[in-house]
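K.L.:
Sequence first, then the predicted structure:
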Amino acid sequence: MSPLTKAFVVVVTILSVLLVALVVPFVAKTQDFQSQLNDANAGRITAERAASSLQNEIAAIQDKDSQRVIGLNAQVASLTADNTTLQNELARANRDVSAARAELQQLKADLARLTAAADLSAALLDANTKELNTSRDDLVSTQTKLIESVDKINELEATVQGYTRQVNRLKENAQAMAERTAELEGVIANVRQIAPDAVQNAMGASGTLAVRPIPTKPISGKIDLVDTVGDQSFVQIDVGQSDGVEENMEFLVHRGNEYIGTLVVQTVDASKSAGVMEIEIQDVEKNDNVYAGGL
């Protein structure tokens, strides 16, 4: 082997040793860098996951905050409206207070005027009282005379009222008698038209009605009961001795202005009477009217 070859081998060997010396630390550093890189990637992934979780939490917090802000805005709007309403009410209350104060001032002024008027009235009352005290004796005497006059006037008024009631009763009786007379005149006229033969049979030879008991005052009543036996009708009426009814007294039976017939009383008690229909133009009925007395 030549020296050059040896020298080359020696140099190569030295270089190989140096290269190995350089490569081994480089490889070691490279592996360390790779491990650090892997750790960094793992940390990055963990950090990204943590960041994503934080972003989700931030989004949830932002959503909650948004809802809270919306609720707060609604509350603010409601409070603003309430504040506006309260301000309007406060303004109205202030106006009412101002009006009340003005009214109070007016009342104070009126009170002052009334007080002055009361003072004046008190002074006048005092003067009138003094004057009244000076004339009290005359007033007592006058009152005594007045009471006596009033008593006399009351007595006269009572007497006048009694006379007035009597006159009114007489007028009412006269009016009733006039109406009854007109009604009975119509009944008698109707009798003479309907049953002239029956009227003639009830009259005497002189052409006047047969003598029957005549009541001192007109008697009016109604038929209570009717009992027909064959062609004869027996009736009971609601007037008796207490009303002036006597036996053999005649009553005209009528229904309004329509003549029904003539009743002759046969029996009488205190409040009832009974008799027979002497003349019966139509069938007599319960509640038909009866009348006796002069026209």
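P.N.:
Sure, I can see it.

K.L.:
Give the burial count for S35, as a bare number.
P.N.:
When neighbours are defined as other Cβ atoms under 10 Å, S35 has 10 of them. The C-beta positions use only the backbone N, C-alpha and C, and glycine is treated the same way.

K.L.:
Sketch out the low-pLDDT regions of the protein for me.
P.N.:
Within the chain, the stretches with pLDDT under 70 are 1, 139, 159-160, 162-167, 169-211, 294-295.

K.L.:
residue boundaries of the strands in it?
P.N.:
Counting by DSSP state E, residue ranges of the strands within the chain are 219-229, 232-237, 250-255, 258-268, 273-280, 289-292.

K.L.:
Give me the buried stretch members for the third one, please.
P.N.:
Yep, that's strand 250-255 we're talking about. Within strand 250-255, the residues that qualify as buried by neighbour count (16 or more other Cβ atoms under 10 Å) are E250, F251, L252, V253, H254.

K.L.:
ok, the first one - contacts?
P.N.:
Pointing back at E250 there. Residues counted as contacts of E250 (Cβ atoms under 8 Å, 6 or more residues apart in numbering) are L209, R212, T262, L263, V264, V265, E278, A292.

K.L.:
burial count for the closest residue to it other than its chain neighbours?
P.N.:
Once flanking residues are discounted, E250 sits nearest to R212: 4.8 Å by Cβ to Cβ, 6 or more residues apart in numbering. Residue crowding around R212 was assessed by other Cβ under 10 Å; the count is 16.

K.L.:
R212 against N248, yeah?
P.N.:
Yes - counting by Cβ atoms under 8 Å, R212 sits close enough to N248 to count as a contact (5.8 Å).

K.L.:
overlap in contacts of these two?
P.N.:
Overlap between the contact sets of R212 and N248, as judged by Cβ under 8 Å, 6+ apart, is given by V264.

K.L.:
Tell me how far N56 lies from Q67.
P.N.:
Counting by Cβ to Cβ, to the nearest Å, the gap between N56 and Q67 amounts to 17 Å.

K.L.:
Enumerate every residue touching the residue nearest to E250.
P.N.:
Taking Cβ under 8 Å, 6+ apart as the test, what R212 contacts is N248, M249, E250, V264.

K.L.:
quick check, nearest of the buried residues of strand 250-255 to V10?
P.N.:
Using Cβ to Cβ, H254 is the member of the buried residues of strand 250-255 that sits closest to V10, with 187.3 Å.

K.L.:
The closest one pairs with what?
P.N.:
Beta bridges link H254 to Y259, N289, judged by DSSP bridges.

K.L.:
residues in contact with L15?
P.N.:
Counting by Cβ under 8 Å, 6+ apart, there are no residues that L15 touches.

K.L.:
Export the buried residues of strand 250-255 as CSV, with columns for distance to T13.
P.N.:
CSV is the format used below for the buried residues of strand 250-255 (distance: Cβ to Cβ, whole Å):
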residue, distance to T13
E250, 193
F251, 188
L252, 188
V253, 184
H254, 183
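
K.L.:
hang on, the earlier thing: quickly check the contacts of E250 for the two that are furthest apart.
P.N.:
Farthest-apart pair in the contacts of E250 is L209 and V265; separation 15.3 Å (Cβ to Cβ).

K.L.:
For these two, indicate the residue with more neighbours.
P.N.:
Neighbour comparison, L209 and V265: the larger count goes to V265, with 24 against 12 (by other Cβ under 10 Å).

K.L.:
what about the closest residue to the more buried one other than its chain neighbours, neighbour count?
P.N.:
On the basis of Cβ to Cβ, 6+ apart, the spatially nearest residue to V265 that is not a chain neighbour turns out to be G275, at 4.1 Å. G275 is flanked by 24 other residues according to other Cβ under 10 Å.

K.L.:
for Q236, same thing?
P.N.:
Per other Cβ under 10 Å, the neighbour tally for Q236 reads 15.

K.L.:
I figured it hits A274, correct?
P.N.:
Yes - the criterion here is Cβ under 8 Å, and Q236 meets it with A274 at 4.6 Å.

K.L.:
longest helix of this protein?
P.N.:
Of all the elements of type helix in the chain, the one with the most residues (DSSP state H) is helix 3-194.

K.L.:
tell me how far it is from the chain's mean position?
P.N.:
For helix 3-194, the distance between its averaged C-alpha position and the chain's averaged C-alpha position is 29 Å (Cα atoms, centre = their mean, to the nearest Å).

K.L.:
Next, the angle from it to strand 258-268.
P.N.:
With axes from the mean of the first three to the mean of the last three Cα atoms, to 10 degrees as the criterion, the two stretches helix 3-194 and strand 258-268 enclose an angle of 70 degrees.
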